[in-house]
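Q: Provided below for reference: sequence and predicted model.
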Amino acid sequence: MRPLRGSVVFAACAVMIVSACGTTTVLTTTTVAPPTSVDATTTLPAGTLEELLPRVRDIAFSLSTAIIDGNGSERFDEIDTLWRAAAAQLERTTFRESTQYQIDLMRTAVERKRPADADKASLQVKALIENFLASDS
(Lines give C-alpha, C1' and ligand atoms only; values in the text may rest on other atoms or scores of the structure.)
Protein backbone atom coordinates (compact mmCIF):
# COMPACT_ATOMS: atom_id res chain seq x y z
CA MET A 1 0.00 0.00 0.00
CA ARG A 2 2.98 2.23 0.49
CA PRO A 3 3.84 2.63 -3.25
CA LEU A 4 0.26 3.61 -3.97
CA ARG A 5 0.39 6.41 -1.39
CA GLY A 6 3.43 7.98 -3.13
CA SER A 7 1.63 7.88 -6.46
CA VAL A 8 -1.42 9.56 -4.95
CA VAL A 9 0.71 12.34 -3.43
CA PHE A 10 2.52 12.85 -6.73
CA ALA A 11 -0.79 12.99 -8.65
CA ALA A 12 -2.24 15.47 -6.14
CA CYS A 13 0.82 17.73 -6.48
CA ALA A 14 0.66 17.54 -10.25
CA VAL A 15 -3.05 18.52 -10.23
CA MET A 16 -2.34 21.49 -7.95
CA ILE A 17 0.54 22.69 -10.11
CA VAL A 18 -1.39 22.36 -13.36
CA SER A 19 -4.51 23.97 -11.92
CA ALA A 20 -2.45 26.90 -10.67
CA CYS A 21 -1.52 27.71 -14.23
CA GLY A 22 -4.24 29.88 -15.61
CA THR A 23 -4.53 32.02 -18.66
CA THR A 24 -2.10 34.86 -18.53
CA THR A 25 -2.87 38.01 -20.44
CA VAL A 26 -0.05 40.44 -21.08
CA LEU A 27 -1.06 43.91 -22.10
CA THR A 28 1.55 45.73 -24.04
CA THR A 29 1.60 49.21 -25.36
CA THR A 30 4.21 50.18 -27.83
CA THR A 31 5.46 53.70 -27.80
CA VAL A 32 7.12 54.76 -30.99
CA ALA A 33 9.24 57.86 -30.94
CA PRO A 34 8.68 60.20 -33.83
CA PRO A 35 11.33 59.81 -36.50
CA THR A 36 14.10 62.31 -36.35
CA SER A 37 15.84 63.36 -39.47
CA VAL A 38 19.51 64.07 -39.21
CA ASP A 39 21.44 64.80 -42.33
CA ALA A 40 24.92 63.74 -41.41
CA THR A 41 26.77 64.52 -44.57
CA THR A 42 30.48 64.88 -44.39
CA THR A 43 32.26 66.79 -47.06
CA LEU A 44 35.69 65.41 -47.71
CA PRO A 45 38.41 67.99 -48.21
CA ALA A 46 39.56 68.50 -51.75
CA GLY A 47 43.14 68.31 -52.82
CA THR A 48 45.78 66.16 -54.38
CA LEU A 49 47.67 63.46 -52.54
CA GLU A 50 50.66 65.80 -52.36
CA GLU A 51 48.46 68.29 -50.47
CA LEU A 52 46.43 65.94 -48.28
CA LEU A 53 49.05 63.46 -47.09
CA PRO A 54 51.42 66.03 -45.54
CA ARG A 55 48.45 67.47 -43.65
CA VAL A 56 47.60 64.00 -42.32
CA ARG A 57 51.23 63.56 -41.25
CA ASP A 58 51.46 66.97 -39.56
CA ILE A 59 48.17 66.74 -37.67
CA ALA A 60 48.99 63.18 -36.59
CA PHE A 61 51.99 64.51 -34.68
CA SER A 62 49.75 66.76 -32.59
CA LEU A 63 47.33 63.95 -31.69
CA SER A 64 49.07 62.84 -28.48
CA THR A 65 49.03 66.38 -27.11
CA ALA A 66 45.36 66.67 -28.05
CA ILE A 67 44.61 63.42 -26.19
CA ILE A 68 46.32 64.79 -23.08
CA ASP A 69 44.40 68.08 -23.41
CA GLY A 70 41.10 66.23 -23.77
CA ASN A 71 40.30 67.07 -27.39
CA GLY A 72 41.76 64.00 -29.05
CA SER A 73 38.47 63.09 -30.71
CA GLU A 74 38.25 66.36 -32.60
CA ARG A 75 41.87 66.14 -33.73
CA PHE A 76 41.42 62.53 -34.81
CA ASP A 77 38.31 63.48 -36.78
CA GLU A 78 40.48 65.92 -38.76
CA ILE A 79 43.04 63.21 -39.46
CA ASP A 80 40.37 60.70 -40.41
CA THR A 81 38.61 63.11 -42.78
CA LEU A 82 41.84 64.03 -44.53
CA TRP A 83 42.88 60.39 -44.76
CA ARG A 84 39.52 59.32 -46.23
CA ALA A 85 39.88 62.03 -48.88
CA ALA A 86 43.39 60.85 -49.70
CA ALA A 87 42.52 57.13 -49.57
CA ALA A 88 39.71 57.68 -52.06
CA GLN A 89 42.38 58.65 -54.60
CA LEU A 90 44.56 55.61 -53.92
CA GLU A 91 44.40 52.11 -55.28
CA ARG A 92 44.41 49.28 -52.80
CA THR A 93 48.13 48.95 -52.15
CA THR A 94 50.39 48.08 -49.26
CA PHE A 95 50.79 51.80 -48.58
CA ARG A 96 47.05 52.35 -48.30
CA GLU A 97 46.49 49.27 -46.12
CA SER A 98 49.47 50.03 -43.85
CA THR A 99 48.46 53.64 -43.41
CA GLN A 100 44.85 52.65 -42.71
CA TYR A 101 46.11 50.28 -40.03
CA GLN A 102 48.05 53.12 -38.37
CA ILE A 103 44.99 55.41 -38.58
CA ASP A 104 42.98 52.67 -36.85
CA LEU A 105 45.64 52.49 -34.13
CA MET A 106 45.30 56.25 -33.68
CA ARG A 107 41.54 55.83 -33.28
CA THR A 108 42.15 53.22 -30.58
CA ALA A 109 44.67 55.50 -28.88
CA VAL A 110 42.06 58.26 -28.71
CA GLU A 111 39.33 55.93 -27.45
CA ARG A 112 41.58 54.49 -24.75
CA LYS A 113 43.31 57.81 -23.99
CA ARG A 114 46.79 56.48 -24.75
CA PRO A 115 48.95 59.31 -26.12
CA ALA A 116 52.06 57.12 -26.38
CA ASP A 117 50.23 54.80 -28.78
CA ALA A 118 49.21 57.82 -30.85
CA ASP A 119 52.87 58.88 -31.01
CA LYS A 120 53.94 55.42 -32.20
CA ALA A 121 51.28 55.39 -34.92
CA SER A 122 52.16 58.93 -36.02
CA LEU A 123 55.81 57.96 -36.43
CA GLN A 124 54.74 55.09 -38.67
CA VAL A 125 52.39 57.34 -40.64
CA LYS A 126 55.21 59.84 -41.12
CA ALA A 127 57.54 57.16 -42.49
CA LEU A 128 54.85 55.70 -44.75
CA ILE A 129 53.78 59.05 -46.17
CA GLU A 130 57.31 60.35 -46.69
CA ASN A 131 58.30 57.12 -48.41
CA PHE A 132 55.20 57.25 -50.61
CA LEU A 133 55.68 60.88 -51.60
CA ALA A 134 59.39 60.32 -52.33
CA SER A 135 58.66 57.31 -54.56
CA ASP A 136 55.73 59.05 -56.26
CA SER A 137 57.84 62.02 -57.39
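A: Received it, and whenever you're ready, just let me know what you need.
Q: the longest helix in the protein is where?
A: helix 115-136 (DSSP state H).
Q: which residues touch that helix?
A: The contact list for helix 115-136 (CB atoms under 8 Å, 6 or more residues apart in numbering) reads 49-50, 53-54, 56-57, 60-61, 63-65, 67-68, 72, 95, 98-99, 102-103, 105-106, 108-110. Any C-beta I mention is one placed from the backbone N, CA and C, and that applies to glycine too.
Q: switch the cut-off to 7 Å
A: Helix 115-136 has contacts (CB atoms under 7 Å, 6 or more residues apart in numbering) with 50, 53, 56-57, 60-61, 63-64, 67-68, 95, 98-99, 102, 105-106, 108-110.
Q: Weed out the non-buried ones from those residues.
A: 53, 56-57, 60, 63-64, 67, 95, 98-99, 102, 105-106, 109-110 (16 or more other CB atoms under 10 Å).
Q: and which of those is nearest Thr81?
A: Among the buried ones among the contacts of helix 115-136, Val56 lies closest to Thr81 (CB to CB), at 9.5 Å.
Q: what comes into contact with stretch 75-94?
A: Residues contacting stretch 75-94 (CB under 7 Å, 6+ apart): 42, 44-45, 47, 49, 52-53, 55-56, 59-60, 62-63, 66, 96, 100, 103, 106-107, 110.
Q: And the next helix or strand past the lowest-mean-pLDDT helix or strand in the chain?
A: Sorting the helices and strands of the chain by mean pLDDT, DSSP states H and E puts helix 2-20 at the bottom, at a mean of 60. For helix 2-20, the following helix or strand on the C-terminal side (DSSP states H and E) is helix 49-60.
Q: helices or strands up against that following helix?
A: Applying 3 or more CB pairs under 7 Å, 6 or more residues apart in numbering; DSSP states H and E, we find helix 49-60 packed against helix 72-87, helix 115-136.
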